[in-house]
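Student: model the following, please.
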Amino acid sequence: QVQLVESGGGLVQAGGSLRLSCATSGRTFSSYAMGWFRQVSGKEREFVAAISWGGSRTSYSDSVKGRFTISRDNAKNTVALQMNSLKPEDTAVYYCAADLAFWTVVRRPSSWGQGTQVTVSS
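Tutor: Below is the predicted model:
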């Protein structure tokens with residue numbers, strides 16, 4: 001497992017942008033597929049985006065496709081989520097996730113960060 005720490009959450013108006021970042025520890029970051037999930041209180045955590053260890057493969061949920069972009073910097077052990085054209089329904093706690101397999105990080109990652117709150121006002 002890897003240690004994950006998210007940052008960059010906050011309050012933004014609808015139509016605005018935020019960039020989330022996830023910093024990791026350890027020397028094996030480049031071996032992990034990375035993902036972002038989000039959760040609204042009282043609801044299940046849902047998949048947002050994922051990126052393969054080398055960055056060549058990405059996946060997005062239909063609700064964010066075209067608005068959010070996931071990227072990674074293996075030299076800095078970080079993964080980012082650029083969120084544009086934000087909507088009030090994007091309001092949630094956003095979690096960084098990691099797993100050795102790409103399709104596992106999409107469905108059931110083994111490592112999680114503590115989460116960062118994103119609030120989009122209308």
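Student: how about the nearest residue to the residue nearest the centre of the chain, chain neighbours excluded?
Tutor: Centroid-nearest residue in the chain, with Cα atoms, centre = their mean: residue 36, separated by 2.4 Å. Once flanking residues are discounted, residue 36 sits nearest to residue 48: 4.3 Å by Cβ to Cβ, 6 or more residues apart in numbering. The C-beta positions use only the backbone N, C-alpha and C, and glycine is treated the same way.
Student: follow-up on the earlier one: how much space separates the residue nearest to the centre of the chain from residue 14?
Tutor: 20 Å (Cβ to Cβ, to the nearest Å).
Student: just residue 43 next, same as before
Tutor: 20 Å.
Student: look at those two and report which has more neighbours.
Tutor: Taking other Cβ atoms under 10 Å, residue 43 and residue 14 do not tie; residue 14 has more neighbours (14 against 9).
Student: surely that one meets residue 91?
Tutor: No: with contact defined as Cβ atoms under 8 Å, residue 14 does not count as touching residue 91 (10.0 Å).
Student: mutual contacts of those two, please.
Tutor: Shared contacts of residue 14 and residue 91 (Cβ atoms under 8 Å, 6 or more residues apart in numbering): residue 120.
Student: poorly predicted segments of this protein, please.
Tutor: Within the chain, the ranges that satisfy pLDDT under 70 run 27.
Student: distance from the helix or strand where residue 36 lies to the middle of the chain?
Tutor: In this assignment (DSSP states H and E), residue 36 forms part of strand 33-39. Computed by Cα atoms, centre = their mean, to the nearest Å, the chain-centroid distance of strand 33-39 equals 4 Å.
Student: just stretch 32-39 next, same as before
Tutor: Distance, centroid of stretch 32-39 to centroid of chain: 4 Å (Cα atoms, centre = their mean).
Student: if we can go back for a sec, list the pairing partners of the helix or strand hosting the residue nearest to residue 36 within its sheet, with orientation.
Tutor: Taking DSSP H and E as the criterion, residue 48 maps to strand 46-51. Strand 46-51 has its sheet partners listed here by DSSP bridges as strand 33-39 (antiparallel), strand 58-60 (antiparallel).
Student: a markdown table please, covering the ones you listed and showing distance to residue 1.
Tutor: Output for those, formatted as a markdown table (distance: least, Cβ to Cβ, whole Å):
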| stretch | distance to residue 1 |
| --- | --- |
| strand 33-39 | 13 |
| strand 58-60 | 22 |
